[in-house]
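A.B. asks: Predicted model and sequence follow; I will ask about them next.
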Amino acid sequence: MQKSEIGLIGLATMGANLARNIANNKFKISVFNRTTEKTTKFIAEYGNEYLVGQEELKDFVKSLKAPRKIILLVKAGWPVDAFIDKLTPLLDKGDLIIDGGNSNYKDTQKRTTALKEKGIEFLGCGVSGGEEGALNGPSLMPGGSKKAYNKVSKILNKIAAKDFNGNPCVTYIGNNGAGHYVKTVHNGIEYGVMQMIAEAYEIFRSVYKLKAPEIAKIFKNYNRGKLKSYLFEITSEVLDRKDQYKKGYLIDYILDKAGQKGTGRWTAIDALERAVALPTVTEAVFARITSGEKDTRKRLNKIYSKAKVKNKIPLNKFISKLGDALYAGMLSSYAQGYHLIQKTAAEEGWEIDLSEVSRIWEGGCIIRADILNFLHKAYAKNQNKHLFEIKDISNGMIKTIPKLREICGYAQSNGVAIPALSTSLAYFEMMTNENSSANLIQGLRDYFGAHTYERTDKKGSYHTEWN
Ligand code: 6PG
């Protein structure tokens, strides 16, 4: 029997769909799952000359052409290590393992080093697009050695989504953990934008008392303009879905406790460790955590009354202002994520091309949005720019920031928590202010702890005897 071009381990939704995508593109693929039952069922449904299943790991490995290429799509963390440990004795030097899960980039760095010692190549490849993307074309963010990437680039280019110009949404991101790092930041930006969308929904719901399908319509319209993006598109679909069990809309029956698997939190932790400001993502993580405190929220809700709505902005005007505010907020979230990638790339020695990152996020991934097109072009000219410096962005920010300021004040005076929108604004205000108030922080630090300060008029480090 002819050997397979590639193998895939892990037939949960993402793995199953990615395997089908590879087979649909006429690359023969062998699949393996920890439980044979799943493999049998999957092959019974989708098996064909390009898609074959194996029950034993050693047979799976034997079924692959050399150098072997094996994609792991198992739960991030110990299951990845467990499979690597099982696989390595069966592999030869020059074989390649590709981890397509949402792994922590630090784990990817460790695995790359450990496998290199055994002569086995390793790629940490971010895969974005959910189930649908995995099947019809994800955005792919592979990191590892260029040599390893070249071994699978043909397949990755074939299965990826397409950017705005019809090119595959895949590019070599950089060494060791770079691919998983960029995917993590992608998810962080995703958290920030989703939180701002949820805040907008909350204002419509609690201040304007709009019903889910009415809000869905507003989001549908937002998605026709400058906010055009996958997340806005699916927001209107989620809000418009009728419940299958009861009268009304599904959204009103979904419990308000947000889950999280870790990538948003990792992005925030990494930013804190590197001392890079990433407040929108961080607030989005905190908001999910706070949402989990349902019982406490329930108790406290009984003690405190909500702010009474004063001087409502007419709905039509509000919709337009909020659209601008969301645009400014979304740009702020992207700006923070891009800045984090720039700083990390410099620290880690990764040559991450932000123009390419923007390009491969144009299609397939969860944060795909029209704005990525001008980021793609702008970063082709200058990699070091802060996103707020890019002409199309600064023009957009100058127009929309006044609305973000107005909306933040309005929402807060109406008692609506808008942590992501307000911190996106604060980030903008601080990053675009040459004279911050940190001089006072320095004065206070020096007062109580003799921590010293620098001066504006001469070099050096100074301490004052305050008492
Ligand atoms: C994607 C998604 C995907 C997933 C994340 C986020 O790019 O396809 O980001 O990776 O939805 O795991 O999940 P949580 O919200 O559970 O952290």
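C.D. replies: All right, it came through fine. Just so we're clear, the structure is a prediction, and the values are computed from it rather than from any experiment. Numbering: from 1, shown residues only.

A.B. asks: For the stretch 101-250 of the chain, just list every one of the helices.
C.D. replies: Under the criterion DSSP state H, counting those that start in this stretch, helices of the stretch 101-250 of the chain are mapped to 105-117, 130-136, 146-159, 178-206, 212-222, 230-240.

A.B. asks: can you check the stretch 351-467 of the chain too?
C.D. replies: Here the stretch 351-467 of the chain has its helices, by DSSP H, counting those that start in this stretch, at 354-360, 371-381, 391-413, 419-431, 438-449.

A.B. asks: now the ones you listed as a markdown table including mean neighbour count?
C.D. replies: Bear in mind the C-beta positions are built from the backbone N, C-alpha and C, glycine included. Formatted as a markdown table, these follow (neighbours: other C-beta atoms under 10 Å):
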| stretch | mean neighbour count |
| --- | --- |
| helix 354-360 | 23 |
| helix 371-381 | 18 |
| helix 391-413 | 17 |
| helix 419-431 | 22 |
| helix 438-449 | 12 |
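
A.B. asks: Run through the residues of the stretch 351-467 of the chain sitting next to the ligand.
C.D. replies: When proximity is defined as C-beta under 6 Å from any ligand atom, the stretch 351-467 of the chain approaches the ligand at 365, 366.

A.B. asks: how about 8 Å then?
C.D. replies: Within the stretch 351-467 of the chain, the positions near the ligand by C-beta under 8 Å from any ligand atom are 365, 366, 367.

A.B. asks: Near the residue of the stretch 101-250 of the chain found nearest the ligand, how many other residues are there?
C.D. replies: Per C-beta to the nearest ligand atom, residue 128 is where the stretch 101-250 of the chain lies closest to the ligand, at 3.1 Å. Residues near residue 128, counting by other C-beta atoms under 10 Å, number 25.

A.B. asks: residues touching residue 77, list them.
C.D. replies: Shown in contact with residue 77 (C-beta atoms under 8 Å, 6 or more residues apart in numbering): 103, 104, 107.

A.B. asks: Can you classify the residue nearest to the second one when sequence neighbours are not counted by secondary structure?
C.D. replies: If I follow you right, that is residue 104. Nearest residue to residue 104 in three dimensions, chain neighbours excluded: residue 266, at 5.8 Å (C-beta to C-beta, 6 or more residues apart in numbering). Put simply, residue 266 is helix when judged by DSSP: H, G, I helix; E, B strand; the rest coil.

A.B. asks: tell me, which helix in this structure spans the most residues?
C.D. replies: If you go by DSSP state H, the chain has its longest helix at helix 315-348.

A.B. asks: Counting neighbours, which bits of it end up buried?
C.D. replies: 318-319, 321-342, 344-345, 348 (16 or more other C-beta atoms under 10 Å).

A.B. asks: Can you name the residues of the stretch 101-250 of the chain sitting close to the ligand?
C.D. replies: Residues of the stretch 101-250 of the chain found near the ligand (C-beta under 8 Å from any ligand atom) are 102, 126-130, 133, 138-139, 183, 186-187, 190-191.

A.B. asks: and the residues you listed, which are buried?
C.D. replies: So, by 16+ other C-beta under 10 Å, the buried ones in those are 102, 126-130, 133, 138-139, 183, 186-187, 190-191.

A.B. asks: so what's residue 361 up against?
C.D. replies: Residue 361 sits next to 128, 139, 169, 186, 367, 368, 372 when contact means C-beta under 8 Å, 6+ apart.

A.B. asks: Wait, the fourth one touches residue 129, no?
C.D. replies: Put plainly, it is residue 186. No - look at residue 186 against residue 129 with C-beta atoms under 8 Å: they stay out of range, at 10.6 Å.

A.B. asks: Report the set of residues contacting both of these two.
C.D. replies: 365, 366.

A.B. asks: Relative to residue 272, which of the buried ones among the residues of the stretch 101-250 of the chain next to the ligand is nearest.
C.D. replies: residue 191 (14.9 Å; C-beta to C-beta).

A.B. asks: And residue 102, how close does it get to residue 124?
C.D. replies: 10 Å (C-beta to C-beta, to the nearest Å).

A.B. asks: before we move on, back to that, got a markdown table for the contacts of residue 77, with pLDDT too?
C.D. replies: Output for these, formatted as a markdown table (pLDDT from 0 to 100):
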| residue | pLDDT |
| --- | --- |
| 103 | 97 |
| 104 | 97 |
| 107 | 97 |
